[in-house]
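*Asks:* Pasting the sequence and the predicted coordinates here, then a few questions.
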Amino acid sequence: MSFPDPTWIVPFRSDALTSFFMLFPYLVMPSFYLSAIALGHWLYPKNRLFAAWGFLIPFAALLNGILKHAFQIPRPPISLHLIPVTSFGFPSGDTQVAAVFWLSLFWALRRHTRWAYLCWLPLLGVACSRVYLGVHSVWDVSVGLLVAISVLWVWYHPTTDAFKDRILRGQRPLYWGVLGGSTALFLFLAGVSNWGALQSAVLGSLIGYGLVLSSIQNSLEGPKDTPSLKRIIFALAGVSILVCFIDRGHAPASFLWLWYLSIMLRFALIYCALFAWIPWIKKRVCS
């Protein structure tokens, strides 16, 4: 969308502001989200928020891909870009996923502490950085934020709670149906040629999540697990190991689909380790 004129941001740019806003892309990297999910779930396995992040974050990314290819609205001119990007621009995927993450955290903390309102700071930082770095318009980030709010409204609606409970308690075909339908819709709108590393990581994560639903249910229904120094050290060590397997590397010149398949498998295994294997090890090491 060309209104307002995307060049309006140029007069506000400076070396100091550019250095500042270049920090925010680190808050939307897979390693950040997976580290947050892992630390939260390993230290507070009965907290539904961290288990929900395992689904909401990759699903928000998949939904964003569907919307981008449905609207096919380009980004601002490449001459404004301060970082490399691909795909369409509307709505902003980084803003949408960040909003799902930070607003769900805010919603969980709001009744317990006033510090919950600090969750808005990194979210606004991510949204503003996308505009400042020239890769999104104000419309892109605004609609990305609205889509995230809509996703969370659906997620926390009582009707959806009943649906989620049915899936956790054994009706797994419902989950695979939602995942299969969403993936098919993306391929219908985008085409196979627009499948890439991001889509492979997202689908691999959601496949892995489906495979460990039983482990997630056991964690949510298990005994309360209070964090201790030993468990915190174990969790930090586990995250350090997990992050080593996240880097996507560079696409090879040939056998591209084999590379995409390896990414999908890698993220499915990461999810299995995050929600099933490492909690099993932690229970035996830290008990």
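*Replies:* Sure, I can see it. Numbers count the residues shown, from 1 in each chain.

*Asks:* low-scoring stretches of this structure, by residue?
*Replies:* 1-4, 248-251, 253, 287 (pLDDT under 70).

*Asks:* which element is the residue positioned nearest the centre of it on?
*Replies:* In the chain, the residue lying closest to the centroid (Cα atoms, centre = their mean) is Ile57, at 3.0 Å. Assigning secondary structure by DSSP states H and E places Ile57 in helix 48-71.

*Asks:* so after that helix, what's the next helix or strand?
*Replies:* helix 93-109.

*Asks:* Using the three-state scheme, assign Thr7.
*Replies:* helix (DSSP: H, G, I helix; E, B strand; the rest coil).

*Asks:* Go ahead and confirm it touches Ser137.
*Replies:* No: shown here, Thr7 and Ser137 do not form a contact pair, counting by Cβ atoms under 8 Å, at 10.9 Å. Bear in mind the C-beta positions are built from the backbone N, C-alpha and C, glycine included.

*Asks:* Tell me which of the two has more neighbours.
*Replies:* More neighbours surround Ser137 than the other of Thr7 and Ser137, with 27 against 12 (other Cβ atoms under 10 Å).

*Asks:* picking that back up, other SSEs contacting the helix holding Ile57?
*Replies:* On a contact count with 3 or more Cβ pairs under 8 Å, 6 or more residues apart in numbering; DSSP states H and E, helix 48-71 meets helix 30-43, helix 93-109, helix 138-156, helix 172-190, helix 197-211, helix 213-221.

*Asks:* quick one: buried residues of the last one?
*Replies:* Going back to what we said before, that points to helix 213-221. When burial is assessed from 16 or more other Cβ atoms under 10 Å, helix 213-221 yields the following buried residues: 213, 215-217, 219.

*Asks:* Then stretch 38-47?
*Replies:* Result for stretch 38-47 [16+ other Cβ under 10 Å]: buried residues 38-45.

*Asks:* Buried by neighbour count: which residues of the helix holding Ile57 qualify?
*Replies:* Burial within helix 48-71, assessed by neighbour count using 16+ other Cβ under 10 Å, is assigned to 49-69.

*Asks:* next one: stretch 158-174
*Replies:* 163-164, 167-168.

*Asks:* cool, stretch 19-27 as well?
*Replies:* 21, 24-25, 27.

*Asks:* export those residues to a markdown table and tack on secondary structure and distance to Pro76?
*Replies:* Below are the buried residues of stretch 19-27 laid out as a markdown table (DSSP: H, G, I helix; E, B strand; the rest coil; distance: Cβ to Cβ, whole Å):
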| residue | secondary structure | distance to Pro76 |
| --- | --- | --- |
| Phe21 | helix | 15 |
| Phe24 | helix | 17 |
| Pro25 | helix | 17 |
| Leu27 | helix | 21 |
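
*Asks:* Which of the residues you listed sits closest to Leu34?
*Replies:* Closest approach between the buried residues of stretch 19-27 and Leu34, by Cβ to Cβ: Leu27, at 12.9 Å.
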